[in-house]
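**Student:** What would the 3D arrangement of this be:
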Amino acid sequence: MKKILIKNANAYTMLADDKEFFKGDILLEDGKIKAMESQINDSDAEIIDASGLVVLPGLIDAHSHVGLFDFNTDAGNDDANEMTSPNTPAINAQYSTDATAREFKFYYQNGITSVLLTPGSGNVICGLPFAAKTYGDNIFDMTIKAPCALKIAFGGNPKNTWGHKGRMPMTRMGVAYVLRDILNRAKDYMEKKDSGENPKYDADLEAIIPALRNEIPFKMHCTQYDMLTAIEIAKEFGVHFSLEHAWGATDYIDEIVESGCDICYGPIATYRTGAGERRKIDVESVKELDDRGVNVALVTDAPILSVETLINHVGEAVREGVKINRALRMVTINAARVLGVEDRLGTLEIGKDADIAIFKGTPGLDTNAKTIFTIINGELVYRY
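**Tutor:** Predicted coordinates for the structure are as follows:
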């Protein structure tokens, strides 16, 4: 594979504070970061002069439906919601994702190199999200990790889906009941298997077992007081989880911190007032959560919002008092931890995937920041 040598980098590494900034050269080889030194010479490498530019690990969107929803036609298309049962844990979002969706190109043109793609929120248990690179033409080749989580939804989405059909869940208490019921059945199924019994194979219960074993987290769509329900159920089953969207988090800071969960906050460009679940868009919550040690990622929910708004989200966090280096962590290493791929992505260090975004200006800080180069798997996929 062709080598790339980034010269004169001014880089945010996203490592610990004492190693957070790097100035020097970065050598990429065989899809990985090969070396980072004050000066590197390699006559076989393609040279990128990053003088005066800002170098970052490739940005990560930790909650997206790109390729599953298609809003580019009059009719639209929804391959994200298998609304034929209130619980569909065994379905895999990979099989609904169109790698040719034009939003993938917008992702890497804006320095966003990886994304978590998830089923929608029409059911209580919605299915299995996965992580992928944003460049390629075969979603299975683009995949980094599958599954990454078990997607669960509280509130208006599942209760409206099934309430309108006259079926449970029609209410929030119905959502909690439906979720607890299947989790208890999955726990019993798992314990029987572990004890040597041979229960009748159930694909849905099998899909829940990795989350009960904390091999993958629950990815829990919820806002307002549904966050408390999510926390209580997660505590009951002893699972790790993330709260998705998390509008209204300022009302439950202590409970969120105590739970040890991750937060995927956003999208932020929606109504700040009014009825329903989007009534409290409290971007300021990400600062307090970050200050108190919560792993916070910023997310677009694309194509609900355009993919490039991930950078706007960083800027909004900065406007609410988050320091730029902390805000950038919310779309790099923090997001990589949500995906469970921090061993490969999210920081600039030797051995990590060669996914790098190079900007003129600092995204989230400079309003005119622009992507100049995007590198994915050591390949230059975009040049301004």
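**Student:** Please tell me how far the residue lying closest to Ile91 once chain neighbours are set aside sits from Glu244.
**Tutor:** What sits nearest to Ile91 in space, not counting adjacent residues and going by CB to CB, 6 or more residues apart in numbering, is Gly127, at 3.9 Å. All C-beta spots, glycine's among them, are computed from the backbone N, C-alpha and C. Here Gly127 is placed at a distance of 14 Å from Glu244 (CB to CB, to the nearest Å).
**Student:** can you check Ala99 too?
**Tutor:** 23 Å.
**Student:** Compare the two (neighbour count), which wins?
**Tutor:** A direct count of neighbours by other CB atoms under 10 Å for Ala99 and Glu244 places Glu244 higher, at 30 against 18.
**Student:** my guess is that one contacts Lys219, does it?
**Tutor:** Yes: proximity of Glu244 to Lys219 meets the contact threshold set by CB atoms under 8 Å, at 5.9 Å.
**Student:** what's the overlap in contacts for the two?
**Tutor:** Taking CB atoms under 8 Å, 6 or more residues apart in numbering as the criterion, Glu244 and Lys219 both touch His63, Cys264.
**Student:** that's a strand at the residue nearest to Ile91, yeah?
**Tutor:** Yes: looking at Gly127 with DSSP: H, G, I helix; E, B strand; the rest coil, it is inside a strand.
**Student:** Can you spell out which helices and strands pack onto the helix or strand hosting Lys287?
**Tutor:** For Lys287, the host element (DSSP states H and E) is helix 285-291. Under the contact definition 3 or more CB pairs under 8 Å, 6 or more residues apart in numbering; DSSP states H and E, helix 285-291 sits against helix 253-259, strand 262-265, strand 295-298.
**Student:** hmm, 7 Å instead?
**Tutor:** On a contact count with 3 or more CB pairs under 7 Å, 6 or more residues apart in numbering; DSSP states H and E, helix 285-291 meets helix 253-259, strand 295-298.
**Student:** Go through the ones you listed and pick out the most buried.
**Tutor:** The highest mean neighbour count among the helices and strands packed on helix 285-291, using mean count of other CB atoms under 10 Å, belongs to strand 295-298: a mean of 28.
**Student:** and that strand, how far out from the chain's middle?
**Tutor:** Here the centre of strand 295-298 is set off from its chain's centre by 9 Å, with CA atoms, centre = their mean, to the nearest Å.
**Student:** Pull up the pairing partners for that strand, direction included.
**Tutor:** strand 262-265 (parallel) (DSSP bridges).
**Student:** Give me the buried positions along stretch 110-117.
**Tutor:** Across stretch 110-117, burial judged by 16 or more other CB atoms under 10 Å covers Asn110, Gly111, Ile112, Thr113, Ser114, Val115, Leu116, Leu117.
**Student:** same question, stretch 206-213
**Tutor:** Using 16+ other CB under 10 Å as the burial criterion, the residues of stretch 206-213 that qualify are Ala207, Ile208, Ile209, Pro210, Ala211, Leu212.
**Student:** From Ala153, how far off is Asn160?
**Tutor:** Relative to Ala153, and taking CB to CB, Asn160 is found at 11 Å.
**Student:** Which one's more surrounded, these two?
**Tutor:** Ala153 (27 against 13).
**Student:** ok, Thr100 - contacts?
**Tutor:** With contact taken as CB atoms under 7 Å, 6 or more residues apart in numbering, Thr100 is in contact with Asp137.
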